[in-house]
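>>> Give me coordinates for this.
(chains A and B)
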Amino acid sequence: MQMIYKVSVVLLLTVLSCCVSAGDFKLPDYEKVKLENGMTLLLMEHKEVPLINIQVRVSAGAVDSPIEGLSDVTAEALRFGNKSMTKKEMEEALDFIGANLSTWSGVDVSGLQSSFHKKDKKTVIDIIANTLMSPTFNKDELDKYLTRYSSQIEQRKESPKALVGDYFKSLYFSDHPYSVQVMATQKSLSKINKSAIENFYQKYYQPNNIVIAVVGDFQVKSMKQQVLKAFSGWKNRHKQNFVRIEKMKQPPSAQVLLVNKEDAKETTFYIGGKGIARNNEDYVALEVINTILGGRFTSWLNDALRVNAGLTYSASSDFITLKNDGYFRISTFTKTSTTEEAIDLALKTYYQLWNKGINESILKSAKAYVKGQFPPKFETAGELAELLVDFEVLNINPSFINNFNTNVNELTVEKANDLVKQYFPKDNLQFVLIGKADDIRKVAKKYGSVTEIEMGDQL
Amino acid sequence: MSVKKIVGALFSCLMYVSLAHSLSLEEIDEFTLKNGMKIIVVEDNSIPNANMYLFWRVGSRNEYPGITGISHFFEHMMFNGSKNYGPKMFDRVMEASGGANNAYTTENITAYTNWFPVESMETIFQLEADRIAHLAIEKDVVESERGVVASERRTGLENSNFRAISEEVKNAAFRAHPYSWPVIGHASDIEGWSLEDLVTYHKTYYSPNNAVVVISGDVKVSEVKALAKKYFEPIQNGPKPRNIHTVEPEQKGERRVYLHKPSISSPNIMMAWHIPESKHEDYYSLDILSSILSDGYTSRLYQSLVDEKQLASGVFSYLPKSIDPNLFYVYAVANQDVASDVLEKAMIEVINDVIKKGVSEEELQKIKNNQSVNFYRTIQTINGKSNELGSYEVYFGDYKRLLDAPKYYEKVSLEDIQRVAKKYLVKANRTVGIIDLKEDSHADDL
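Below you'll find the predicted structure:
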């Protein structure tokens, strides 16, 4: 069938090709197109299997939600039917062809992802376009979902691992916008209704606020036309007002949040503090340094707490990076009776970053490790699609891939030790301990001023 | 992720279908070393990396009371030092060469997975060969590792209702066969086995002829062959493993277990029915039945329990690939204020409906379509290729069965689905496990 339509591309921005990166790993060529309505489209051919992956990002997340959990519920509610199909019709169409389509929200952005066979591209792209452009937020479906959501809030309270990160974020970010949780609470959930969802949708789900990456087994030229046809009629109707997010200041004192779980047999804990944004210029170097501290099996933390002391199954550390800031955390767990021993050992090991410092041989090993483990992160079309949208919405320079090896190689011992002093939080550390409070209350006091709450309660 | 050595891999419901240009027999090479170790190789240069997956035919089915959990413990011990690489050196050398690793133990197998830049392949062969041939089992390392495994066991039970109730259900469903106990073992056995038990276990089960090795990635078959001959072929075989002759007696009435957990927010229910081993001809029908029941929003259990009746917040079913006859599981998590008996009844209604009325042609076709797409999703990575080929070799006796699987699935008819539901998913063959916050008190019993 021959179809003629108006292509509303105003600007063909750039065709990136790439240079050599990790090993012989290269970022494959891709094309970036800016539509007249402001939407950004990224296209990359990847033909190892006959699948196509689509990643969509909307620059709005929990930080933009006037009600806690609203961005999360809105993302899910997109799938409750649209002007062309009911929820059930859409699910039947997708399930029958083995296509998946899911939606979610994070702190800074919301997203939609889909994977399907290349022969089904018309069906699935139309469904995605309708999902994004004309959701109806069907009331009956919404009511069912909110009931289920309420159950899931309660179920999360059963697992320390599910909640420890949320608690740490609340404690560390305190009154900063990033203290917001992605998931609703029972209280905030009661305020979420169809009209709140529609308002959030209308404000943020606008083409000039959206990035779409399509990666897989197709020809760029025809795929571009297909996506443009599906989305070019979408108009911007509202202006977005984004929350301006300043960097978090160093916490003024050491604090401990003790969360009582009456039947806990172990203490699950985080120790941490100030971190970095995802687009920090030293991101790669810090990844190498953190590999030494807590980013691999032979890291100092895992070696001390698991291998030498047998106190835990796993101990690690990370920089959790968000768009504008982030936090650093050490994460582990141990049986209730060894809580103090494990925390002390984690701290002693952490302070080795300053007391012992990083030497040539450990740095060499960490560099080899991060370089060796880099290419598999971008092996599939789905992973590459995610990478492309991340470039856009998290303000990451695409040279991140092609300069990765150079950035790793250029890190010297001297620079690494300087970066430790510059970035890793040393003072006024923040602690979250989830466990049986009666047995660890005294221990908790050692590390800072203690706030105690019950498992599931909000800080 | 730096965490390693996990128990489980229960959920590998991976699917298959034809797919000539994605993975064909011509792309797969195999050879067997003089000591009987079988090596499968897939050349794939999509990234400058490779992997080595070693599947050992040893899991909790090879244990007996007193040494339960030893297969999994052994998986940990394999990282704790050998003749030429002392304690910690396996991981240190591998990571300094750009490699990473993990391992997991199931009821049937222990798998070791290495991921590395291809230029480090020889180092990986050296490390693996040394621990297979010359593992050092030292007393203090064993003691420290017992603490690690105890922590692994504790954290699993603390964070997962599924883990807690599945221990009870397996134990009730099997009274004779070793699938009765959890892969991680009983706490007292983890504390109790001896150094001698460990030495014997290694000698018996870590014989080259008890392994299948799969290597996928940016490699050349000739290089792999040369390295395998150099490092793996000289390793001697140990004594022949004990044959597992225990056959679980037929279950002739429903079994029920209850687990009291005060901090749970709503009941979770696990149902399990005895089914045959994966090599049995009914495997394919049962696998499709499981997908019809719980894969996707249009599946039977999701539609009924989650969507229409709003009794559950989540539901799934699965059947593990298995050497001996095992279980077909259905699991549901109740919504708030939904009593376990209401949810249980609704679960059974869905199953009974399939038994009575069968399923539709459209449902069957939907699952066949899904298998095709899921196959591509699996084999789009070198890890997916290695894992699938190794699993087929172990569970179906030949990795080539992976490529034939579409044929077997295609043969499954509507009648087959109803027949297996009627044959296996019946009350007398069922074990029901409930985990809930209400105490199973004597007062209510009077």
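
>>> contacting residues around the residue of chain B found nearest chain A?
Per Cβ to the nearest Cβ, residue B:98 is where chain B lies closest to chain A, at 2.2 Å. All C-beta spots, glycine's among them, are computed from the backbone N, C-alpha and C. Applying Cβ atoms under 8 Å, 6 or more residues apart in numbering or on different chains to residue B:98 gives the contacts A:368, A:369, A:371, A:372, A:373, B:116, B:117, B:120.

>>> Buried ones only from those, please, as a ChimeraX command.
Command for ChimeraX that selects the buried part of the contacts of residue B:98, burial taken from 16 or more other Cβ atoms under 10 Å in any protein chain shown:
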select /A:368,369,371,372,373 /B:116,117,120
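
>>> of the contacts of residue B:98, closest to residue B:159?
residue A:373 (26.4 Å; Cβ to Cβ).

>>> Spell out which residues make up each domain of the chain.
In the absence of a named chain, this looks at chain A. Under automatic domain parsing, the residue ranges defining each domain of chain A are A:9-231, A:255-454.

>>> that's the wrong chain, I meant chain B
Looking at automatic domain parsing, the domains of chain B come to B:6-231, B:255-445.

>>> thinking again about what came up before, by mean pLDDT, show me the worst of the domains of chain A.
Note on the domains of chain A: lowest mean pLDDT is at domain A:9-231, with a mean of 92.

>>> And that domain, how far out from the chain middle?
With Cα atoms, centre = their mean, to the nearest Å as the basis, domain A:9-231 stands 13 Å off its chain's centre.

>>> Kindly report the same for stretch B:332-349.
27 Å.

>>> my guess is residue B:85 contacts residue B:91, does it?
No - using Cβ atoms under 8 Å as the test, residue B:85 is too far from residue B:91 to be in contact (9.4 Å).

>>> So between the two, which is more surrounded?
residue B:91 (24 against 19; other Cβ atoms under 10 Å in any protein chain shown).

>>> which SS class is the residue of chain B closest to chain A?
coil (DSSP: H, G, I helix; E, B strand; the rest coil).

>>> Let me know the closest of the contacts of residue B:98 to residue A:160.
residue A:373 (28.4 Å).

>>> Not including adjacent chain positions, what is the nearest residue to that closest one?
Closest residue to residue A:373 apart from its sequence neighbours, by Cβ to Cβ, 6 or more residues apart in numbering or on different chains: residue B:100 at 5.6 Å.

>>> who's the one you found bridged to?
Beta-bridge pairing for residue B:100 (DSSP bridges): residue B:115.

>>> burial of it, as a residue count?
For residue B:100, using other Cβ under 10 Å, the count is 21.

>>> Chain neighbours aside, what residue packs nearest to the residue of the stretch 101-250 of chain A found nearest chain B?
Closest residue of the stretch 101-250 of chain A to chain B, Cβ to the nearest Cβ: residue A:154 (3.8 Å). Nearest residue to residue A:154, sequence neighbours excluded (Cβ to Cβ, 6+ apart): residue B:265, at 3.8 Å.

>>> what's the answer for residue B:334, then?
Setting aside the residues directly before and after it, residue B:334 is nearest to residue B:266 in space (Cβ to Cβ, 6+ apart), at 4.2 Å.

>>> Just tell me which of the domains of chain B ends up closest to residue A:243.
That would be domain B:255-445 among the domains of chain B, by Cβ to Cβ, at 31.3 Å.

>>> ok, the lengthiest helix in chain B near chain A or not?
Using DSSP state H to define each element, chain B has its longest helix at helix B:139-159. Yes - on the criterion Cβ under 8 Å from any Cβ of the partner chain, helix B:139-159 is in touch with chain A at B:143-152, B:154-155, B:157-159.

>>> Among those residues, name the buried ones.
Buried among the residues of helix B:139-159 next to chain A (16+ other Cβ under 10 Å): B:144-152, B:154-155, B:157-159.

>>> between those, which is closest to residue B:383?
Nearest member of those to residue B:383, counting by Cβ to Cβ, is residue B:152, at 22.6 Å.

>>> Check what pLDDT the closest one gets.
For residue B:152, pLDDT reads 90.

>>> Give me the distance between it and residue A:304.
Residue B:152 sits 17 Å away from residue A:304, going by Cβ to Cβ, to the nearest Å.

>>> next one: residue B:319
41 Å.

>>> then stretch A:53-68 to CSV, C-alphas only?
Coordinates of each C-alpha in stretch A:53-68 appear next as CSV, following Å, rounded to 0.1, in the frame of the first residue of the first chain:
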residue,chain,number,x,y,z
ASN,A,53,12.7,-2.4,21.0
ILE,A,54,11.2,1.0,21.8
GLN,A,55,12.0,3.1,24.8
VAL,A,56,10.1,6.3,25.6
ARG,A,57,11.0,8.9,28.2
VAL,A,58,8.9,11.6,29.6
SER,A,59,10.9,14.3,31.5
ALA,A,60,8.6,14.2,34.5
GLY,A,61,8.7,11.9,37.5
ALA,A,62,8.1,11.8,41.3
VAL,A,63,9.8,15.1,41.8
ASP,A,64,7.2,16.8,39.6
SER,A,65,4.3,15.1,41.3
PRO,A,66,2.0,17.3,43.4
ILE,A,67,0.8,14.2,45.2
GLU,A,68,3.3,11.5,46.2
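
>>> what about the helices in the stretch 251-400 of chain A?
When assigned using DSSP state H, counting those that start in this stretch, the helices of the stretch 251-400 of chain A occupy the ranges A:283-294, A:300-302, A:339-350, A:352-355, A:360-372, A:381-393, A:399-402.

>>> mind checking which of those helices is nearest chain B?
Nearest of these (Cβ to the nearest Cβ): helix A:360-372, 2.2 Å.

>>> That closest one - contacts with which helices or strands?
helix A:283-294, helix A:404-409, helix A:413-423, helix B:89-96, strand B:110-117 (3 or more Cβ pairs under 8 Å, 6 or more residues apart in numbering or on different chains; DSSP states H and E).

>>> Now the last one: average pLDDT?
Strand B:110-117 shows a mean pLDDT of 97 in the predicted model.

>>> Between helix B:89-96 and it, find me the angle.
30 degrees (axes from the mean of the first three to the mean of the last three Cα atoms, to 10 degrees).

>>> Give me the helices and strands touching the helix or strand just after strand B:110-117, please.
The helix or strand immediately downstream of strand B:110-117 is helix B:121-133, counting by DSSP states H and E. Here helix B:121-133 touches strand B:49-56, helix B:89-96, strand B:110-117, helix B:221-231, going by 3+ Cβ pairs under 8 Å, 6+ apart.
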